[in-house]
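**Q** no sequence on this one, just coordinates:
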Ligand code: RM4
Ligand code: MN
């Protein structure tokens with residue numbers, strides 16, 4: 001139990017700045033009260049999630065949504081609040097120039113502009129002390145024949161190589177894949193295999209990030225996790241859950257059992273060890289639920305799945321597996337999943353001087369009432385989509 005608690009204490013879950021802003025679907029973005037007007041206020045909200053869970057000490061930024069004049073100052077502000085800057089997420093999907101792609105665009109001028117943005121994101125890493133750049137490309141085509149699939153891979157490789165060369169000591173980039181949307185016929189980084197192949201060619205500072213919402217229904221995500229971890233190429237997760245497509249719902253809401261299976265492969269592959277460098281990030285939107293508690297709940301869901309994964313009796317599992325005991329092995333696995341780990345986590349929090357129930361602690365903290373009263377006027381942050 002002490003080992004399990006130590007592993008849980010060491011786990012860090014990164015929250016995304018964009019989860020604190022308004023979001024919605026292409027039909028409607030619903031504004032909520034108290035929503036941050038700038039990155040400084042987003043960091044203040046993220047600090048609340050860390051204050052109540054104790055395991056969310058970093059916040060991912062998205063550029064240009066979190067553009068500020070002085071990034072060193074923003075990082076200082078984060079430190080003052082007790083959090084740090086996590087991954088820098090690039091955004092080459094919201095400019096008119098990118099209608100036909102960004103780094104894979106047929107025009108060299110547009111490709112230069114897109115790569116320039118990625119390089120600017122590395123500058124922001126330097127200024128904020130961030131060690132991770134996250135690259136997601138919406139690039140792809142809608143119609144067969146629209147562009148040359150092979151040429152687009154060449155253009156992608158060229159841009160990635162330039163960004164890779166710009167990375168400093170201790171910096172890395174994570175390449176994210178997604179099977180479709182916004183491109184509907186062919187996406188340029190549609191799956192983990194494509195991302196993996198590009199990363200292997202580039203070297204150790206390029207790794208794959210698994211966004212759990214970016215797969216076809218029925219995909220065995222834990223297999224992908226096991227494979228990438230084995231190859232030293234699992235850079236991290238963008239956690240969220242989905243019922244249909246890229247729903248970006250709270251992680252663990254749609255399928256807590258899948259989350260457990262993923263976390264088991266992480267534990268099994270040594271992915272909780274700090275030196276493996278697996279980043280546990282959330283990539284979510286809270287369209288209809290309040291945002292700060294939505295993040296707290298999500299962090300707790302990942303922590304619960306991790307605790308259950310740590311509880312799997314690996315010796316008993318290995319014994320049953322080697323004897324070919326199908327039902328016995330499955331029972332060992334399910335025993336861990338069916339354990340209620342909430343008392344253990346409550347105890348863990350109390351041992352660290354936190355309230356046992358972060359949701360209740362936040363609800364009674366008065367923070368929401370304070371921001372709802374203070375944050376009046378100005379432009380609420382959003383996706384800018
Ligand atoms: C994409 C992808 C990226 C995220 C954006 C907002 O689908 O998941 O990680 O930055 O959405
Ligand atoms: Mn993502």
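**A** Good, I have the coordinates. None of these values were measured; they are calculated from a predicted model. Ligands and ions are numbered 1, 2, ... in the order given.
**Q** just give me the neighbour total for residue 349.
**A** Residue neighbour count, defined by other Cβ atoms under 10 Å, stands at 22 for residue 349. All C-beta atoms are positioned from the backbone trio N, CA, C, and that covers glycine.
**Q** can you pull the residues of this protein lying near ligand 2?
**A** 211, 238, 283 (Cβ under 5 Å from the ion).
**Q** does the second one sit in a helix, a strand or a coil?
**A** What that stands for is residue 238. strand (DSSP: H, G, I helix; E, B strand; the rest coil).
**Q** OK, contacts around it?
**A** Residues in contact with residue 238 (Cβ atoms under 8 Å, 6 or more residues apart in numbering) are 134, 176, 209, 210, 211, 212, 213, 214, 281, 282, 283.
**Q** residue at max distance from the center of this protein?
**A** Here the chain reaches farthest from its C-alpha mean at residue 323, the gap being 38.1 Å by Cα atoms, centre = their mean.
**Q** need the phi and psi values for that residue.
**A** In terms of degrees, to the nearest 10, the main-chain angles of residue 323 are phi -90, psi 0.
**Q** can you check residue 60 too?
**A** Dihedral angles of residue 60 (phi, psi; degrees, to the nearest 10) stand at phi -80, psi 140.
**Q** what's across from it in the sheet?
**A** Using DSSP bridges, the bridge partners assigned to residue 60 are residue 16.
**Q** pretty sure it is touching residue 86, no?
**A** Yes: at 4.5 Å, residue 60 counts as touching residue 86 under the criterion of Cβ atoms under 8 Å.
**Q** where does the nearest residue to residue 40 once chain neighbours are set aside land on pLDDT?
**A** Take residue 40 and drop its neighbours on the chain: the residue closest to it by Cβ to Cβ, 6 or more residues apart in numbering is residue 77, 5.6 Å away. Note for residue 77: predicted pLDDT of 98.
**Q** thinking residue 77 is in contact with residue 41, fair?
**A** No: with contacts defined as Cβ under 8 Å, residue 77 does not count as touching residue 41, sitting 10.1 Å away.
**Q** between the two, who's got more neighbours?
**A** residue 41 (21 against 18).
**Q** tell me the pLDDT of that one.
**A** 98.
**Q** against residue 381, how distant is it?
**A** Plainly put, residue 41 is 8 Å away from residue 381 if you go by Cβ to Cβ, to the nearest Å.
**Q** with residue 66 instead?
**A** Distance from residue 66 to residue 381, by Cβ to Cβ: 9 Å.
**Q** tell me which residue is most central in this protein.
**A** Most central in the chain (Cα atoms, centre = their mean) works out to residue 238, at 2.5 Å.
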